[in-house]
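> Generate coordinates for the sequence data below:
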Amino acid sequence: VVVTDDKYPTNIQWTLDGHVADGHAHDVRVLDLIQATEASGGCASPGGGVAFIAGGAIAEFDRVHVDGASANHADGGSFYVHSDSTAIESSESSTSTQVVIRESSFGQTDAEYNGAWLYSSLSKVDVIDTKVALAGEEGGA
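Model (predicted):
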């Protein structure tokens, strides 16, 4: 979903490499972007109640509000961010997953294992001007 102030909605366009080539304001697309990482034992390890970002992806989330997200039997109540171990061994930053979360708020989120609101493994994550509710607090807005 792309949210705009509607000042110039016809000028807003967006793409998502490999998935959407013609996005526009107020456009809603249902995309299955969930991936599974292979744990050392060969078991799929899902996570991220809102987004699972891996494989060298670069994502930015601006002015997002999340409340009530959860990851059952997984890590990352809202976000799961992962890079393969080869990203660390490589000198190319393009193999490392990178996420920026800016001017956002997170209410009650939960993960059964690690990272009640965010779990990051071998990745670069920047959190800027963002509020995260502590356990027992009301929404992060």
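> Every contact and neighbour count from this point should use C-alpha atoms.
Fine.
> Number of residues surrounding the nearest residue to Asp67 once chain neighbours are set aside?
With Cα to Cα, 6 or more residues apart in numbering as the criterion, Asp67 has its nearest non-adjacent residue at 4.4 Å, and that residue is Gly107. Look at Gly107: counted by other Cα atoms under 10 Å, it has 22 neighbours.
> What are the phi and psi values at Gly107?
In terms of degrees, to the nearest 10, the main-chain angles of Gly107 are phi -80, psi -140.
> from what I can see it touches Val64, true?
No. Using Cα atoms under 8 Å, Gly107 is not in contact with Val64, being 11.1 Å away.
> how far away is the residue nearest to Asp67 from Ala133?
Taken as Cα to Cα, to the nearest Å, the spacing of Gly107 relative to Ala133 amounts to 5 Å.
> what does Gln108 give?
Distance, Gln108 to Ala133, using Cα to Cα: 6 Å.
> Next: Gly55.
Taking Cα to Cα as the measure, Gly55 and Ala133 are separated by 29 Å.
> what does Gly77 give?
13 Å.
> of these two, who's got more company?
Set Gly77 next to Ala133 and count neighbours by other Cα under 10 Å: Gly77 wins out with 28 against 17.
> Can you check what pLDDT the model gives that one?
The per-residue pLDDT reported for Gly77 equals 86.
> do the one 3 residues further on as well
Looking at Tyr80, its pLDDT is 91.
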